[in-house]
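**Q** Structure for the following, please:
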Amino acid sequence: MTEDALWTPRPERAQSTHMWRFIEFVGREIDPAVRDYDSLYRFSIDAPEAFWTALWEFGDVRAEKRGGPVTGNWPAMPGTRWFPEARLNFAENLLRRDDDAPAIEFAGEGGVRRTLSWRELNDEVARIAAGLREMGVKEGDRVAGYLPNLPETVIAMLAATSIGAVWSSCSPDFGVRGVLDRFGQIEPKVLFAAAAYRYNGKTHDCLGRLAELLPQLPSVERVVVTPYAAEDMDLSALVEKVGDRAVPWREFADRDADRPVFEQLPFDHPVYILYSSGTTGVPKCIVHGAGGTLLQHLKELMLHTDVHRDDRLFYFTTCGWMMWNWLVSGLAAGATIVLYDGSPFHPGGNALWNLADELGIAIFGTSAKWIAACDKAGIRPRETHRLDRLRAI
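**A** A predicted model of the protein is given here:
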């Protein structure tokens, strides 16, 4: 232990982690010199092909095949291709469970609560994917979400990527110009949206924005609208503007589909399009490959965050931030992901801490800005909440 260490886990705690198990796995199966974190770190630098192969096996990546070489054109950067012979599907690796345990816990302002089991999540993904296939969506097409942080957002993303379509999303608090600056570049074929969303005790309409937005996105053949926060959803004004391009979520999901069908695709097949901040001009598209995203997220979630099967994993994020994509990958670790939509200070500053207690969240992700806001507001969760299952913030 170094002199400046703030905390060192007890031996039994350290030995219960994925990191410890991975060190043992590498030392036993690949390199006996790997005995601790420092030697594992050195191994990852000196033998990157062996490291990522070990992570593939340790993370139990589901794939039609991994193939022979780990890299092509190594060590050119850029230019190296990882697992060039592999065939896999991103969504299949997130939907590896199919039981009655909770896959998603959703909480929204006003006490809204929903739970989706793994079986229900698979069923919903299969139905939405069937709707996408019926309208001709294929691998490489773009599917976008203009949505709050809802279960429907996760379902739509998994349905799109199960086909091999590329997913991109914006938060509904983005204005029309902000959405066009992003989605106008990628020309999505389908847009998933919400009729409204709640924030800080108010309901905000999205249908008016959609009516303004869609005529400027001619690539969109169908907009699928979920009624979240608009219990009496009326699409008549939107239909009048864009015709039968607009359909309710339930109508689009009314398909007979038993299980999702997962297209097996190259390791570097695009899975996400994210964006730069837009502070120096129009936001720039950043394309992420399916295999690389999956392996990197498994490394971060399992080794660095120690997410275990049946843990409840939470990150306070919107769908316009990359941490939403990271959070959803918690499904690949078998964890229950916790989605929250709304203000973290409504009806009071303890909204998220209350949620952590209520759901038994194990890993609580947030931003430094929110921690600072809690401190400024005099919130002291250690004194007011049990937080007895919380392992990490």
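
**Q** Let me see the ranges of the strands in the stretch 1-150 of the chain.
**A** 63-65, 71-72, 81-82, 87-88, 102-108, 112-117, 142-146 (DSSP state E, counting those that start in this stretch).

**Q** Let me fix that, I meant to ask about the stretch 151-300 of the chain.
**A** 166-170, 190-194, 196-199, 202-205, 222-226, 246-248, 265-266, 270-275, 285-289.

**Q** quick one, which of the ones you listed is nearest to Ala351?
**A** Nearest to Ala351, of all the strands of the stretch 151-300 of the chain, is strand 196-199, at 12.1 Å by CB to CB. Yep, even glycine has a C-beta here, placed from its N, CA and C like the rest.

**Q** how about the CA coordinates for that closest one, as PDB?
**A** Output of strand 196-199 as PDB, limited to C-alpha atoms (Å, rounded to 0.1, in the frame of the first residue of the first chain):
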ATOM      1  CA  ALA A 196     -44.100  14.900 -24.200                       C
ATOM      2  CA  TYR A 197     -41.700  14.800 -21.300                       C
ATOM      3  CA  ARG A 198     -41.600  16.000 -17.700                       C
ATOM      4  CA  TYR A 199     -39.000  18.200 -16.100                       C
END
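
**Q** Who does it pair with, and is each partner parallel or antiparallel?
**A** strand 202-205 (antiparallel) (DSSP bridges).

**Q** picking up where we left off before, just send the strands of the stretch 1-150 of the chain back as CSV, with mean neighbour count too.
**A** Output for these, formatted as CSV (neighbours: other CB atoms under 10 Å):
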stretch, mean neighbour count
strand 63-65, 14
strand 71-72, 14
strand 81-82, 18
strand 87-88, 20
strand 102-108, 22
strand 112-117, 15
strand 142-146, 27
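
**Q** ranking the ones you listed by mean pLDDT, which is last?
**A** Looking at the strands of the stretch 1-150 of the chain, the lowest mean pLDDT belongs to strand 71-72 (a mean of 90).

**Q** Give me the contacts around it.
**A** Contact with strand 71-72 is made by 49, 80-84, as judged by CB atoms under 8 Å, 6 or more residues apart in numbering.

**Q** partners of that strand in the sheet?
**A** strand 81-82 (antiparallel).

**Q** Need the nearest residue in space to Ala362, chain neighbours excluded.
**A** Leaving aside its chain neighbours, Ala362 sits nearest to Asp311 (4.2 Å; criterion: CB to CB, 6 or more residues apart in numbering).
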